[in-house]
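**Student:** based on what follows, work out the 3D shape:
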Amino acid sequence: MKIKKTNLDGCFIVENKILRDSRGFFTEIYHKEKFDEIIGFPVNFVQDNFSFSTKGVLRGLHFQKKFPQGKLIRVLKGRVFDVVVDIRKNSKTFGSSFNVELSDTNNLQVWIPEGFAHGFLVLSDYACFEYKCTNFYIKEDEDSIYWKDPDLKIPWPKDIDIITSEKDEKSKSFKDYINS
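**Tutor:** Residues are numbered from 1 along each chain as shown. You can find the predicted model right below:
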């Protein structure tokens, strides 16, 4: 397991060693002791989530307000353009974003600490997306920032027809989030 720092304080790309042979491959996805040691503090995952989305589906930028979730995310099948935004108002990287392509072929994972907004856009015909969470999902605590907010300057791919939910289209602006 190797960790690569991103431009966001506390957010990392996780590269797992892949053992390949004529039968296929094997990789260890999560090992609590190794993960805690690399991250530098103990992490307790309490919920695993899975989503299936078709090409062009954009989900995000989601977060929980009072009960934030740290997430270890990965793509099991397909490809996504993944985006993380630091929304911790006291952070030196507040308002900055990070993006990476996650796929079933690059086998990358991203560690997103508590206090970040997250979203992704499906680039392949479909994507199976999995994430481990450090806190339970609470519908009443859920919030989101508009994915296309010009202040965030996220370089979403332009060559794809984007499909969003009504909820995501009604998300607050980043300025409204700052003032909340």
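**Student:** and the spatially most central residue of the chain, which of the three is it?
**Tutor:** Nearest to the mean C-alpha position of the chain, by CA atoms, centre = their mean, lies H118 at 4.7 Å. Of the three states, H118 takes strand under DSSP: H, G, I helix; E, B strand; the rest coil.
**Student:** tell me, what's the model's pLDDT at it?
**Tutor:** Per-residue pLDDT puts H118 at 98.
**Student:** what sits opposite it in the beta ladder?
**Tutor:** On the basis of DSSP bridges, H118 is bridged to H62, V84.
**Student:** tell me how many other residues crowd F41.
**Tutor:** 7 (other CB atoms under 10 Å). Any C-beta I mention is one placed from the backbone N, CA and C, and that applies to glycine too.
**Student:** from W111, how far out is it?
**Tutor:** Counting by CB to CB, to the nearest Å, the gap from F41 to W111 is 11 Å.
**Student:** check C133 too.
**Tutor:** To W111, C133 is 12 Å away according to CB to CB.
**Student:** overlap of the contact sets of the two?
**Tutor:** Common neighbours of C133 and W111, using CB atoms under 8 Å, 6 or more residues apart in numbering, are 70-71.
**Student:** quick one: the helices in the chain?
**Tutor:** Ranges of helices in the chain, per DSSP state H, are 32-39, 166-169, 174-178.
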